[in-house]
Structure formats: C-alpha cells, structure tokens
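Novice: Okay, sequence plus prediction incoming.
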Amino acid sequence: MIAAGLGCRKGCASADLVRALETALASAGRALSDVSALYAPEFKAEESALVEIARQLGKPLVLLGMDALQLQAAHALTQSAQVAVRFGIPSIAETAALAGACALAESSAMRPTLLGPRQIAGGASCALAVATDFALGDPQ
C-alpha cells in the first residue's frame, strides 16, 4: 500500500502532477496499481489539478491538516527553502506521503518510510511512502 504525497504551485497543470507521480513510481520501481491514495495538504483544496488527477487516475484524494504534515517533518529526505519559510516543513510532497502512509498503516507498530526523495515536474512534486513494520523492517 503506497501513499502518494503531492505538492504543487498555485494553478499547477494536472499534466505536471501526472509526470511527477510517474517519475516517482519509475524511480521506486513501482506501478500506479500499487498506489492506494493521493495525499495533499488541506490548503490546496481549491487546486483543480489535484481533483482532476484523482478523478483521472481513479484514486481517492485525501487532504491533510498541517499538524499531520508537521508530525512527519523530521523524516523528510529533502528540503525546499521556499516551503520551509512559508509552511515550516521541509517538503509538502514528502510529509504528505509520510502522513498518508501513517493513515494507511494497519497498526501502531507500523512506521512510515519514504521510497525515495520527492520528484519534481514543472510546478508539481510527488513522493511515495509505505508503512513499514518496526520489528521486521518490511514494507507493507
């Protein structure tokens, strides 16, 4: 079960989101069918490209509060200076993916793990995360 975290600039094209997702999946050696849901911050609720890509791909779009993103800030792999200044977190896509993986986790013994750094395409970014068993270190 993969959580795809998405970030985008205001007015981002849905094609940029698709390219960012495809690049992240290729980089991780995963397929779209492995993605359970798309995750983005609540403050991006008005971005039509997010709704459009969810509909186009047939995946649920889950909007997350800043508190959920902030809880994952220490686990991000990359940092955007602009995002850090504006929102106080290192990466929208990475923290959204990690928070999404927490939401998908079947138990509190699971921890979120990024499958790699965020991938950027135009005005969009995407990161992928899975829930990993603390004891086994196996992705779920």
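Specialist: Here it is on my side, so go on.
Novice: so what does the longest helix seen in the chain touch, helix or strand wise?
Specialist: Identified as the longest helix of the chain according to DSSP state H is helix 14-28. Judged by 3 or more Cβ pairs under 8 Å, 6 or more residues apart in numbering; DSSP states H and E, the packing partners of helix 14-28 are strand 2-8, helix 48-57, strand 119-121, strand 124-133. Glycine gets a C-beta too; all of them are placed from N, C-alpha and C.
Novice: now for the first one, which elements pack on it?
Specialist: Meaning strand 2-8. Looks like strand 2-8 contacts helix 14-28, strand 35-41, helix 48-57, helix 92-104, strand 124-133 (3+ Cβ pairs under 8 Å, 6+ apart).
Novice: Does Cys8 touch Val18 like I think?
Specialist: No: assessed by Cβ atoms under 8 Å, Cys8 is found out of contact with Val18, at 11.4 Å.
Novice: And these two? Which one has more around it.
Specialist: Cys8 (26 against 19; other Cβ atoms under 10 Å).
Novice: List the contacts of the residue nearest to Ala121 when sequence neighbours are not counted.
Specialist: Among residues not flanking Ala121 along the chain, Arg19 sits closest, at 3.6 Å (Cβ to Cβ, 6 or more residues apart in numbering). By Cβ atoms under 8 Å, 6 or more residues apart in numbering, the contact set of Arg19 is Ala121, Gly122, Ala124.
Novice: Please report how far the last one lies from Thr113.
Specialist: Spelled out, it's Ala124. 22 Å (Cβ to Cβ, to the nearest Å).
Novice: List the contacts of the closest residue to Thr78 other than its chain neighbours.
Specialist: Using Cβ to Cβ, 6+ apart and skipping the chain neighbours, the partner closest in space to Thr78 is Pro117 (4.7 Å). For Pro117, the contact set (Cβ under 8 Å, 6+ apart) comprises Leu77, Thr78, Glu94, Ala127.
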